[in-house]
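Undergrad: Test case, fold it:
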Amino acid sequence: MPKVRRSRSIAAPQSELWGRVSDPGQLPAWWPRVIRVEGISGSGDRFTEVLRTDAGRDLRADFTVLEREKPVRWRFAQELGDDPFGKVLRSSETLIELDGSGGATLVTIEVSRQLRGMARLGGFLFRGATRRHIDEALETLEELHGGR
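TA: Now for the predicted structure:
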């Protein structure tokens, strides 16, 4: 199962970062490829990302929040079915953790994916793409919160 975990120290208070990273409606501002979020349930435990591919095509991805421990941990899973994602993924979970000890906040993002069928042979490709995706998210978060 390809699992990628990346961290970055961001010079912003934990509470400020928590307000951004745990709100699905904020994802388009910092999560790569997300152009909007729809269908956020009243409790925020379900949401749909609309993602734009390199070819300009929009894809929808539904998510369920599995864990929310304010202000340190937010974990959500993609609902996979008969869609482009479900053809290559058996499961996909994202974990975001914040550690605000000291003057900055350590933001850690972990993405775990279980691949399906022939896609399992390309695990190293998934890891590399996921690493770049997480690094871009962390870089954008840092820029939004006064870094770099």
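Undergrad: bridging residues for R60?
TA: For R60, the beta-bridge assignment (DSSP bridges) gives partners V50.
Undergrad: Could you do V65 as well?
TA: The partner residues for V65, given DSSP bridges, come to F76.
Undergrad: Only the buried residues of the helix or strand hosting R90, if you could.
TA: Per DSSP states H and E, R90 falls inside strand 89-99. Neighbour-count burial for strand 89-99, with 16 or more other C-beta atoms under 10 Å as criterion, is recorded at L89, S92, E93, T94, L95, I96, E97, L98. Every C-beta, even on glycine, is put in place using the N, C-alpha and C of the backbone.
Undergrad: which residues sit against the next helix or strand after it?
TA: Once the chain leaves strand 89-99, the next helix or strand it forms, by DSSP H and E, is strand 105-115. When contacts are defined by C-beta atoms under 8 Å, 6 or more residues apart in numbering, strand 105-115 is touched by residues 1-10, 12-14, 17, 21, 88-100, 122-123, 126, 130, 133-134, 137-138, 141.
Undergrad: let's see it at 6 Å
TA: 1-10, 12, 14, 17, 89-99, 130, 134 (C-beta atoms under 6 Å, 6 or more residues apart in numbering).
Undergrad: residue ranges of the strands in the protein, please?
TA: Here the chain has its strands, by DSSP state E, at 3-10, 34-38, 46-52, 58-69, 73-79, 89-99, 105-115.
Undergrad: tell me the most buried of these?
TA: strand 105-115 (a mean of 20; mean count of other C-beta atoms under 10 Å).
Undergrad: quick one: average pLDDT of the longest helix along the chain?
TA: The longest helix of the chain (DSSP state H) is helix 123-144. Taken as a whole, helix 123-144 has an average pLDDT of 85.
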